[in-house]
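A.B. asks: requesting a structural model of the entry that follows:
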Amino acid sequence: MAKGLKVLVVDDSAFARTRLRRRLLADPAISEVETAHDGVSALRKIIEYEPNVVTLDVQMPGMDGLHVLREIMATLPTPVVMVSGLTGGDSETTIQALELGAVDFFLKPDTSTPAGQAALDLLSTIVKQAATVTLSKMASTDEAMMRAAMQKQMMAVTSRPRSSSRRSLNMDCLAVIASSTGGPKALSVVVPQLPADRSTGYLFVQHMPAGFTKSLAERLNRSSELEIREAEEGDKLEAGVGLMAPGGHHMTIDSRGIIRLDDRPTLHGVRPAADYAMQSAAQLFGPNTITAVLTGMGVDGRDGVKAIKAAGGSSVVEHESTCAVYGMPRAVAEAGYADKIVPLDKISSILTNFMDERSKRLVGAIR
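C.D. replies: Residues are numbered from 1 along each chain as shown. Okay, here's the model as predicted:
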């Protein structure tokens, strides 16, 4: 009989450690769960215990979650799931952790309610998914690309154009970028390389719960020449602006380029769903719609890319060699909807080429 997964639960709360350990052991795919009460003991137990996955509390005294994560990634590479509370500080720290290499995160539920108790069941699913991630693929995106992103960030401080000077909806192109597991780290590489001087607007769909997409948008905004913010009902598409679907809401655009948010049921088990954003983009921008599908679990984005291709648009998906999880890109590629399949460091240049092709096409049509 094959052995199950080994998990290390790191939390300074004895109650939390007991609760998480009990719930994880209820899953037959998980055979052993060890615990650690702080960062120092966690690092020691990773050496001794060699877990398949570590769950790591964001907020701990002494060595906090980020400090421990950095040590794990540098010396003891192991898939890490951050365990976070729904607060402004926790959400910001969690996004930073995902950029540093954490595979995913679990939002602490209110276990005083039946819904909160049921939410605990998600933890084992997230842990099992994390165990499938190949960390070497995620690590391959770190060095050169992250240095380039930082250089771009320094330039953006002085060169970012003001939104008042942008051309509202008078755009040559609309780009829709979708991601899920491993997405925050992938976006931190791709987004700083996207051009703000093209007549292109951007929509981002990252699978995350409410409260975390705003922090992600703010971090991406600080590292990019684009103006990136979490979308709100009634926002209007603008060239050089990236709007991120808020967690818990699907995002579409109407015939006037106005953002519409709704809470209809999940699609493919997720909300926001990239398919809805892509399909509405294809309806409005037709052949001037471009899209990129990055790392992520599941098939969200496949039907949306199909709609974009049917409208004459173009698509690029991340190559398996750099994907934390080769799910969403695989679904698009195997359906035959990907124009380009490239490693993460090539995504932004392919999108820029798509933009330039459309600008030249429009200039040619005017002549």
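A.B. asks: now do the helix or strand encompassing Leu203, average pLDDT.
C.D. replies: Leu203 belongs to strand 200-206 when assigned by DSSP states H and E. For strand 200-206, the mean pLDDT works out to 98.
A.B. asks: cool, and stretch 224-235?
C.D. replies: 97.
A.B. asks: and what of stretch 133-149?
C.D. replies: 58.
A.B. asks: ok, the residue lying closest to Val299 once chain neighbours are set aside - contacts?
C.D. replies: Closest residue to Val299 apart from its sequence neighbours, by C-beta to C-beta, 6 or more residues apart in numbering: Ala331 at 4.0 Å. C-beta: built from backbone N, CA, C; applies to glycine. Neighbouring residues of Ala331 by C-beta atoms under 8 Å, 6 or more residues apart in numbering: 298-299, 301-302.
A.B. asks: and the least confident of these?
C.D. replies: Lowest pLDDT among the contacts of Ala331: Gly298, 95.
A.B. asks: report the beta-bridge partner residues of Leu267.
C.D. replies: Assessed by DSSP bridges, Leu267 has beta-bridge partners Val270.
A.B. asks: quick one: contacts for it?
C.D. replies: 250, 273, 275-276, 300.
A.B. asks: pick out the most distant pair among these.
C.D. replies: His250 and Asp300 (11.1 Å; C-beta to C-beta).
A.B. asks: what residue spans form the domains of the chain?
C.D. replies: 5-132, 165-366 (automatic domain parsing).
A.B. asks: go through those and pick out the most buried.
C.D. replies: domain 165-366 (a mean of 21; mean count of other C-beta atoms under 10 Å).
A.B. asks: just how off-centre is that one within its chain?
C.D. replies: 12 Å (C-alpha atoms, centre = their mean, to the nearest Å).
A.B. asks: list the strands paired with the strand holding Leu203, with their directions.
C.D. replies: strand 173-179 (parallel), strand 241-244 (parallel).
A.B. asks: quick one: pLDDT of Pro161?
C.D. replies: Pro161 is given a pLDDT of 43.
A.B. asks: least trustworthy helix or strand in the protein by mean pLDDT?
C.D. replies: The weakest-scoring helix or strand in the chain, judged by mean pLDDT, DSSP states H and E, is helix 143-159 (a mean of 47).
A.B. asks: follow-up on the earlier one: ok, and what's touching the strand holding Leu203?
C.D. replies: Here strand 200-206 has contacts from 169, 171-180, 183-184, 187, 194, 213, 216-217, 220, 226, 228, 231, 237-245, 251, 253, 272-274, 277, 281, 355, using C-beta under 8 Å, 6+ apart.
A.B. asks: one more pass at 6 Å, please.
C.D. replies: 171, 173-179, 183, 237-239, 241-245, 272, 274, 277, 355 (C-beta atoms under 6 Å, 6 or more residues apart in numbering).
A.B. asks: same deal with stretch 338-348?
C.D. replies: So stretch 338-348 is in contact with 141, 145, 186, 189-190, 193-194, 292, 314-319, 321-322, 332-333, 350, going by C-beta under 6 Å, 6+ apart.
A.B. asks: taking those residues one by one, which sit in strands?
C.D. replies: 292, 314-318 (DSSP state E).
A.B. asks: would you mind checking which of those is nearest to Ile47?
C.D. replies: With C-beta to C-beta as the yardstick, the closest approach to Ile47 among those comes from Glu318, at 32.8 Å.
A.B. asks: name the residue closest to the centre of the protein, please.
C.D. replies: Using C-alpha atoms, centre = their mean, the residue of the chain that lies closest to the mean C-alpha position is Gly183, 2.6 Å off.
A.B. asks: okay, strands next: where are they in the stretch 251-367 of the chain?
C.D. replies: Ranges of strands in the stretch 251-367 of the chain, per DSSP state E, counting those that start in this stretch, are 259-262, 289-293, 314-318, 340-342.
A.B. asks: export the second one as PDB, just CAs?
C.D. replies: The one in question is strand 289-293. C-alpha atoms of strand 289-293 as PDB (Å, rounded to 0.1, in the frame of the first residue of the first chain):
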ATOM      1  CA  THR A 289      -8.600  41.000 -28.100                       C
ATOM      2  CA  ILE A 290      -5.400  39.200 -26.900                       C
ATOM      3  CA  THR A 291      -5.000  36.900 -23.900                       C
ATOM      4  CA  ALA A 292      -2.400  35.100 -21.800                       C
ATOM      5  CA  VAL A 293      -3.100  32.100 -19.600                       C
END
